[in-house]
Each structure stands twice: as C-alpha cells, then as structure tokens.
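# the following block contains a protein sequence and its predicted model.
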Number of protein chains: 2
Amino acid sequence: MTQGTPETAVELTEKAQHTRQHILDTALSLFVTNGYEATTLRDIASAADCSLGLAYRYFSRKEEFVLALYWQMAAETGAEIAKLGAGTVGERFDALMTGRLKDAFKYRECFQALAAAALNPSSGVNVLGEQAAGMRAEVLKGFSILVEGAKDAPRPAEAYPLAMLLYAAHFAVILFWLYDRTTSQVATWNLLYLLHTVLGWQHQLLLLPPAREALKRTYRVLKGFFEGKEDLLLAL
Amino acid sequence: MTQGTPETAVELTEKAQHTRQHILDTALSLFVTNGYEATTLRDIASAADCSLGLAYRYFSRKEEFVLALYWQMAAETGAEIAKLGAGTVGERFDALMTGRLKDAFKYRECFQALAAAALNPSSGVNVLGEQAAGMRAEVLKGFSILVEGAKDAPRPAEAYPLAMLLYAAHFAVILFWLYDRTTSQVATWNLLYLLHTVLGWQHQLLLLPPAREALKRTYRVLKGFFEGKEDLLLAL
DNA sequence: AACTAAAAATGAACATGTTCATTTTTGAGG
DNA sequence: CCTCAAAAATGAACATGTTCATTTTTAGTT
C-alpha cells in the first residue's frame, strides 16, 4: 500500500527506511525535472547528499527506482478499482485506465525506461514472473471485482477469464500509451473508447458458445504466459 | 532485399561495404554463440580483427547490429507473404507468423535487446516512426496482399483496415513471443492457433455493420499510432 | 565508559558503451 | 612517381552504471 520492494527478504531498520525513502524521493524528483536518462546516479547521490555506494545499498540498479514507483502504482490500482462507481464492464475499465494513465503521466519517460528494462529478461527487472506473483494475484483480484461488480457482468464461469483478459488488456494499453507518439496520446484515448464499445458487446457475445470457448482458450494462453509455466496441455 | 540500413544518406564504397558486412557477420555470430549482452564491442572488434573505433564507424550503437538484422527480416517478410499458399486469412496469417518466428528463433535474445531499445524513444533506435516509414509501407502492402489473396477476403472496403489490424497483430505476437517464458514458447503457438480460429469468423462478422464500424475505428487508431501524427480528428 | 559486532556509509576501481583527435591507407590527377 | 585530399582505421579518453574492500556510525552489553 505504501512504497517499494514487496516480498523483500531483508528487514530494514527505521533509519534505513528513512534513508532509502529520501534517496528514492530525490531520484524521482530528478527524473521528473531532468528526465530519466539524463539523471545519473552520481546526480542522485549528490542531490541526496550521500555517496554513490549508498544509493546502491538500497537500489541495486537504476531501474529499481522506477520499479519501486511501479509497485506503488500497481498497489494503488487495487484501491482505485474499489473506488470505481457503478457501471458496465466497459465503463469501469475505461474509467480505471483513464485515471491510472493520467496519474502516471509525469513519470511517462521513467516507465518507458522501466518497460525497456522489463522487456529484457536478462536485466533482472521482472514486472512479471516469480517475485511479482503476489502483486499480480492482487491486481487480478481487483479486475475480478471490476467485472463481478459491473451491471453487465457475465455469468460466473466467464467472470474470471474475462478478468484475466482485462488484466492483459491493461498491460497492452499501458504499452500502447508508453509508445504512443500522437499529440496528447490521442490514439490511446481513442483506443480506450474503442475498447469501451467492444466491451459493451461482451455480455451478449458470451451467450454464444463459440465466444465462450474462445474466451476460455484465451484465458489458458494468458495464464500460461503470465505464470511462465510449461503448461503441459500443449495444444488445441 | 539484402541487408541493413535502408534509406541511408551516405553511400559506401565497395571496400567499406565489405568491411561493414564482415563486422556485422562477426557480431551476429558472437551474439548467437555468447549472447547479446555478454558480447562486448571490444569482443566484436577483436574477433573481426579491427579497432573499436572502426566498428563505430559503421554501427553507431550496439543495437544497430541487431537493427540491421531486423531490416533484413522485415524485408524478407514481404517475400514470405508472396510465397504463401492459398487459404483463408487465418491460415495465411498463421503460416506466416509461424515461419517468421521459427526463423527468428536463434536471434531471440538479440531481438529482445532490440525491442528494449526500440521501446525507449530516447535510444535513437526507431523500428516505427520516420525512417522506418518505407519499410512499414512495404510490409503493410504485404499484409494487404495476404488479405486480398485469401479465400475468405472481406469486401474491398474492409480489406485494408483488416490488413492494418494484422500488421498490428503481427507486432503484438512478436512482442508476446519475445517475452513468452513457457517452454518452447508454447503460449505463443497457442495464441497463434487462437487467432487462427478468431480470424475464421472475420468474414461473417464483417457483414454486420457494428463490426465494420469497429474495424474502421480500429484502423484509425492504429494508423494514428504508427504514423505518430496528431490526428486532428480527435475523438468518437 | 569501554567494547564490539552489525548496520550504514564511503569512494576508489572497474567494465563497457561511446566519442574524437589523430594517423594510415587509398586512389585519382599531374 | 609524386601529391594530396578523401576514406578508412586507430586507440586513447570519457561517461556512467556497477562492484567492493574499507571506514565510520550505531546501539546493545558488560
């Protein structure tokens, strides 16, 4: 609910927490004013009035600063869903994403760097996979609530698969937004509105067996993808 | 059709071409054997029997090596589409992507690095945008042919929008594949099969006005996204 | 107060991508 | 064969992310 490093093995003393937070705040503020790439770790250390080595005591790589921010935002997503007003799945998803992206705007460049790092499995930054499993489960639960609490919720059997689909869509939209070069990210807002429309068909569509079957298959694919398991059920 | 740097302003002499190609080949082979990250530019230079500086004469950054590879594969995509057998849109798309991904397999890690760089607008590597416009147009034309030559091609008005959708889907599948941690990328193959199924509905679906409208809107969103223009028609 | 082990903090050293001033090679013209 | 400017090639120097051996501080115990 607060910030940074979930499921970290090591406990930090109160003083360490303070120092860590101070360095993190300094770093984020430098990122916002000067940009992520342009901010060197020496800049951060000197702005935070500490040594280079100390920054590395708390953040094992540069991306870790943004990762801390990401954890914070991911955690907030659950809370935001809870605050969502009544409405259809489409409306709730739209409202959620619009809000989240607006919040993230000032850190857009930071998240670009994070996405780049996360896309590189060898970078050690894992937004998906192992360590993130807890957070993923939590956000997924949030999307379940989003679906189940909607006016046009599908039948129970389809609710969780649909939630998974929205979870994947939420990542896709974030990626789209990060790389959207249209002015004011117009394309992203149009995409969200389009999704709004298409999600409006969801309830009717899922009355048809082929659509239900496709959703189930989509669910299996995404589950395999996010969990990264070998998924012994190979095909079909 | 051959390799590297399309629309490069500077002309290279024959000797320069040779040297460049030699360095590129050396680099790619090192990438494959030792991995992209583990291969330093000093490794490349020494394996290619040249100085560090010379490598930079031909490749302004490390990612440029993989970018050259990417251009080559993107160019081949057009040729692969032409070779595609008869079949439905779904079958042809499936066959194309399966083939392309199998070809790309040995460079998977390289492309991960490239994707990471490409995702970072500040990195100067642009797989989309300006310089890539020519290649994009060409590949898009390829997808048009894929659609129009299919047994279940939609009506002409919908062909190009559908081609654009496939173009976007092809990027999405590549990204999915790059980050697919299931064994042998099973999730990706399942995804492709799923898309195969869903694309099988395309023809019937596009007889319905709402679906046609949605496709048209999707087209507009994607067009804006890829061209990165401000797209004055703001909403709806 | 003295001692001490753990925690916190330091900064020099390193690796590697990148730049650049300089040198060497090439090849056309006289 | 000589000249010389352009092309090709060099390698030292730089910037910055990262590591690590070392020093300083902290806090609990005697």
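Everything's here; your move. None of the values given here were measured: they were computed from a predicted structure. Residues are numbered from 1 along each chain as shown, chains lettered A, B, ... in the order given.
# what parts of chain A come near DNA strand C?
A:12-13, A:15-16, A:19, A:50-54, A:56-57 (C-beta under 7 Å from any atom of the strand). C-beta: built from backbone N, CA, C; applies to glycine.
# from the residues you listed, which two are the most distant?
A:T13 and A:L52 (21.6 Å; C-beta to C-beta).
# who has more neighbours, these two?
Legend: neighbour count by other C-beta atoms under 10 Å in any protein chain shown for A:T13 and A:L52, higher for A:L52 (12 against 8).
# my read: that one touches A:R42, true?
Yes. The criterion here is C-beta atoms under 8 Å, and A:L52 meets it with A:R42 at 6.0 Å.
# what packs against the least confident helix or strand in chain A by mean pLDDT?
The helix or strand of chain A with the lowest confidence, counting by mean pLDDT, DSSP states H and E, is helix A:108-118 at a mean of 90. If you count contacts as 3 or more C-beta pairs under 8 Å, 6 or more residues apart in numbering or on different chains; DSSP states H and E, helix A:108-118 packs onto helix A:14-34, helix A:63-83, helix A:156-178, helix B:108-118.
# compare the mean pLDDT across these and name the weakest.
With a mean of 90, helix B:108-118 has the lowest mean pLDDT of these.
# quick check: angle from that one to helix B:14-34?
110 degrees (axes from the mean of the first three to the mean of the last three C-alpha atoms, to 10 degrees).
# before we move on, the earlier item: make a markdown table from the residues of chain A next to DNA strand C and add distance to B:K229 to it.
As requested, the residues of chain A next to DNA strand C are exported to a markdown table (distance: C-beta to C-beta, whole Å):
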| residue | distance to B:K229 |
| --- | --- |
| A:L12 | 48 |
| A:T13 | 53 |
| A:K15 | 52 |
| A:A16 | 49 |
| A:T19 | 46 |
| A:C50 | 45 |
| A:S51 | 47 |
| A:L52 | 43 |
| A:G53 | 47 |
| A:L54 | 46 |
| A:Y56 | 42 |
| A:R57 | 46 |
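# among these, name the buried ones.
A:19, A:50 (16 or more other C-beta atoms under 10 Å in any protein chain shown).
# list just the nearest of the residues of chain A next to DNA strand C to A:T218.
A:L12 (40.9 Å).
# my read: that closest one touches A:H18, true?
No. In this structure A:L12 lies outside contact range of A:H18 using C-beta under 8 Å: 9.4 Å.
# just the element for the residue of chain A found nearest DNA strand C, please.
Going by C-beta to the nearest atom of the strand, DNA strand C is nearest to A:G53 of chain A, at 1.9 Å. A:G53 is located in helix A:52-58, with elements delineated by DSSP states H and E.
# now do A:A38
Short version, using DSSP H and E: A:A38 is in no helix or strand.
# near DNA strand D, which residues of chain A?
Going by C-beta under 7 Å from any atom of the strand, the residues of chain A near DNA strand D are A:15, A:39-42, A:52-53, A:56, A:60-62.
# could you report the pLDDT at A:L206?
pLDDT at A:L206 comes out at 98.
# so what's the residue nearest to the spatial centre of chain A up against?
Residue closest to the mean C-alpha point of chain A, counted by C-alpha atoms, centre = their mean, is A:A74 at 5.2 Å. Applying C-beta atoms under 8 Å, 6 or more residues apart in numbering or on different chains to A:A74 gives the contacts A:135, A:138-139.
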